[in-house]
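J.: turn this into a model:
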Amino acid sequence: MLWMAAYHYLFDLNHFGYLVPHQDFYHAPLWTLQRTGILSLFLLCAGLGQAAAQAAAQPGARFWRRWAQVLACALLVSAGSALMFPKSWIYFGVLHGIALMLLVARWAAPQGRGLLSLAALAIALPWFVQHPFFETPLTNWVGLVSRKPVTEDYVPLLPWLGVMLLGLAAGQWLLGRHRTWFTASLPPVLAPLARLGRWPLTFYMLHQPLFLGLLLGGRALGAW
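T.: Residues are numbered from 1 along each chain as shown. Model prediction:
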């Protein structure tokens with residue numbers, strides 16, 4: 001989460017012309033590889049969280065309430081991005097992807113060792129299967145595309161579902177063999193990070209408006 005926040009703050013600085021020299025966040029490996037790493041950690045942790053929730057017999061009503069929150073936030077991201085980036089607004093970004101992946105992960109959780117096969121298939125399929133049918137905004141959420149669409153954030157079902165399923169499989173394995181890794185007390189120095197990790201959706205939704213408010217406010221006051 002801290003890595004993501006730092007990345008987004010630098011993106012905002014670059015967007016407003018405060019980062020010198022200007023950076024290409026869309027193509028330069030320095031930034032695209034960081035995005036991949038941040039997103040992979042997000043989805044791995046989401047999968048781990050699902051394993052922990054299911055092991056704790058999370059009630060269905062709680063799952064659906066959280067799922068509705070993720071979906072509502074995804075729609076807010078779409079609306080906000082349409083105002084800021086009308087030509088490249090986010091119609092299927094990370095929260096949209098997570099909302100769909102959570103449904104698949106909930107269905108796939110009982111597959112046990114089969115999760116690894118499903119994860120491998122999800123990750124490998126876009127490398128071998130691409131079709132013009134999936135090149136439209138109505139279908140490219142699947143991920144079987146030959147090029148990234150013009151949008152500020154794009155997290156299609158494939159291959160990213162595979163990363164969440166890897167997290168789910170890892171969580172099930174750890175809970176079955178090393179449960180204390182989940183339940184052991186953290187060193188005091190990590191306690192603030194643990195508290196932050198309990199509010200990932202809130203942090204995700206608030207950090208960018210805060211950064212943008214600071215930058216725009218600074219510009220209005222002549223501080224930049």
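J.: is the residue nearest to residue 151 when sequence neighbours are not counted in a helix, a strand, or coil?
T.: The shortest distance from residue 151 to any non-neighbouring residue, by CB to CB, 6 or more residues apart in numbering, is to residue 88 (5.3 Å). (C-beta placed from N, C-alpha, C; glycine too.) Classification of residue 88 using DSSP: H, G, I helix; E, B strand; the rest coil returns coil.
J.: same for the helix or strand of the chain with the lowest mean pLDDT, what does it pack against?
T.: When the helices and strands of the chain are compared on mean pLDDT, DSSP states H and E, helix 180-183 comes out lowest with a mean of 78. Packing contacts for helix 180-183, counted by 3 or more CB pairs under 8 Å, 6 or more residues apart in numbering; DSSP states H and E, involve helix 157-177.
J.: for the helix it packs on, buried residues please.
T.: For helix 157-177, the neighbour count (16 or more other CB atoms under 10 Å) marks 157-172, 174-175 as buried.
J.: touching the least confident helix or strand of the chain from outside, list them.
T.: 52, 174, 175 (CB atoms under 8 Å, 6 or more residues apart in numbering).
J.: go on, stretch 112-131?
T.: Stretch 112-131 has contacts (CB under 8 Å, 6+ apart) with 108-109, 111, 143-146, 156-163, 165-166, 168-169, 172.
J.: ok, and the closest non-adjacent residue to residue 87?
T.: In space, residue 87 is closest to residue 150, 7.1 Å off (CB to CB, 6+ apart).
J.: what about the one you found, distance to residue 98?
T.: 22 Å (CB to CB, to the nearest Å).
J.: kindly report the same for residue 159.
T.: Per CB to CB, residue 159 is found 14 Å from residue 98.
J.: with adjacent residues omitted, what lies nearest to the residue most central in space within the chain?
T.: Nearest residue to the geometric centre of the chain (CA atoms, centre = their mean): residue 94, 4.1 Å. Spatially, and ignoring its direct neighbours in sequence, residue 94 is nearest to residue 155 (4.6 Å; CB to CB, 6+ apart).
J.: if I look at that neighbour, how far off is residue 37?
T.: Taking CB to CB, one finds residue 155 at 14 Å from residue 37.
J.: which one's more surrounded, those two?
T.: residue 155 (23 against 13; other CB atoms under 10 Å).
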